[in-house]
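>>> got a structure for you, letters missing:
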């Protein structure tokens, strides 16, 4: 049962992650001014695959336990927000709107981490790398906003 | 606790639903050949709001009950797939890819309905209108594909 539930949660992650292939960073993103610490492109899909496995493991552990209602609701919320960012940033090229989405995602991930932790410590810990990565991604989105004022105004 | 969980699930729905505002049906959709039974544009957001409330009520009921793991995982999966369709269809204007996404969504909604029903009959019933609507939306996507072979080839 654990692995069935894990597989379903992982498929949810892959659904959100499909946006990465559908809305790839193209010429527009390459030509943006980016901070010196911007990770190279190949780091993003690799990191996300590891995070998806951690996120699905965390969700599956808590899905087996009683009192999981708030954690399960927040997990669903964060995956919906997660699916939203890539189409907004790379699809619509809206940097400011991307900032709003990733801010909401950051709060949703923090909330999910806390709610998971209250049910199962290991599940909470499995969400820590995700929160760290969304923090880095938020900082990158903010830096791109600051470094490309013309683009941000246009969007 | 029930209304807190309901509110979180409803926010997840609104996250997916935000794609409707971000990727609105524009000139491209207006100019497509559509079947005679295509609902007018205003029907879509209204229907979705009602469905979101039903979906969140169903999820919140089951979130309070034991043995909810599979249902909670499938609910999260269907909302991720739900968030994907609008950016693919209206954002990328990819009718065939939209068909693949809505097919996956239809299966996810059916699976979620069955899993919810096994925990709570009312929750399963609350998902019936959603399955009906995704069936109609799938038929519309398929009809648009058939009626606009040039568009579908291009995408």
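Here it is on my side, so go on. Quick caveat: nothing in here was measured; it's all calculated off a predicted structure.

>>> Tell me, how many residues neighbour residue A:24?
Residues near residue A:24, counting by other Cβ atoms under 10 Å in any protein chain shown, number 11. Using the backbone N, CA and C atoms, a C-beta is placed for each residue, glycine as well.

>>> Next one: it relative to residue A:90, how far apart?
As judged by Cβ to Cβ, to the nearest Å, residue A:24 and residue A:90 stand 7 Å apart.

>>> Kindly report the residues of chain A close to chain B.
Proximity of chain A to chain B, by Cβ under 8 Å from any Cβ of the partner chain, involves residues A:1, A:4-5, A:8-9, A:11-13, A:15-16, A:18-19, A:22-23, A:59-60, A:63-64, A:66, A:68-70, A:72-77, A:79-84, A:87-88, A:91-92, A:97, A:104.

>>> Can you go through these and name the buried ones?
A:5, A:8-9, A:11-13, A:15-16, A:18-19, A:22-23, A:59-60, A:63, A:68-70, A:72-77, A:79-84, A:87-88, A:91-92, A:97, A:104 (16 or more other Cβ atoms under 10 Å in any protein chain shown).

>>> Let's see which of those residues end up in helices.
A:5, A:8-9, A:11-13, A:15-16, A:18-19, A:22, A:59-60, A:63, A:69-70, A:72-77, A:79-84, A:97, A:104 (DSSP state H).

>>> What lies in contact with stretch A:10-29?
Stretch A:10-29 is contacted from outside by A:41, A:44-45, A:48-49, A:52-53, A:55-56, A:79, A:82-83, A:85-87, A:89-91, A:93, B:73, B:76-77, B:79-81, B:83-84, B:87-88, B:91-92, B:97, B:104, using Cβ atoms under 8 Å, 6 or more residues apart in numbering or on different chains.

>>> That stretch - what's its average pLDDT?
For stretch A:10-29, the per-residue pLDDT values average out at 94.

>>> Check stretch A:68-76 too.
pLDDT averaged over stretch A:68-76 gives 98.

>>> Then stretch A:123-136?
98.

>>> Give me the distance from it to the chain's centre.
Distance of stretch A:123-136 from its chain centroid, counting by Cα atoms, centre = their mean, to the nearest Å, is 9 Å.

>>> What of stretch A:37-57?
9 Å.

>>> And it, what's buried?
Neighbour-count burial for stretch A:37-57 flags A:47-48, A:51-52, A:54-57 (criterion: 16+ other Cβ under 10 Å).

>>> same thing with stretch A:106-126?
Result for stretch A:106-126 [16+ other Cβ under 10 Å]: buried residues A:106, A:108-113, A:115-117, A:119-120, A:123-124, A:126.

>>> Between these, which sits nearest residue B:137?
residue A:108 (26.4 Å; Cβ to Cβ).

>>> Okay, the residue most central in space within chain A and residue B:120: tell me how far apart.
For chain A, the residue nearest the mean C-alpha position is residue A:82 (4.5 Å; Cα atoms, centre = their mean). Separation of residue A:82 from residue B:120 (Cβ to Cβ) stands at 27 Å.

>>> mean confidence for stretch A:32-41?
94.

>>> so how far is it off the chain centroid?
18 Å.

>>> what does stretch A:118-137 rub up against?
Outside stretch A:118-137, the residues that touch it by Cβ under 8 Å, 6+ apart are A:39, A:47, A:50-51, A:54-55, A:57-59, A:61-62, A:65, A:67-68, A:71, A:102, A:105-106, A:109-110, A:112-114, A:116-117.

>>> Can you name the residues that contact residue A:50?
residue A:129.

>>> Is it within a helix or a strand, and which one?
helix A:43-63 (DSSP states H and E).
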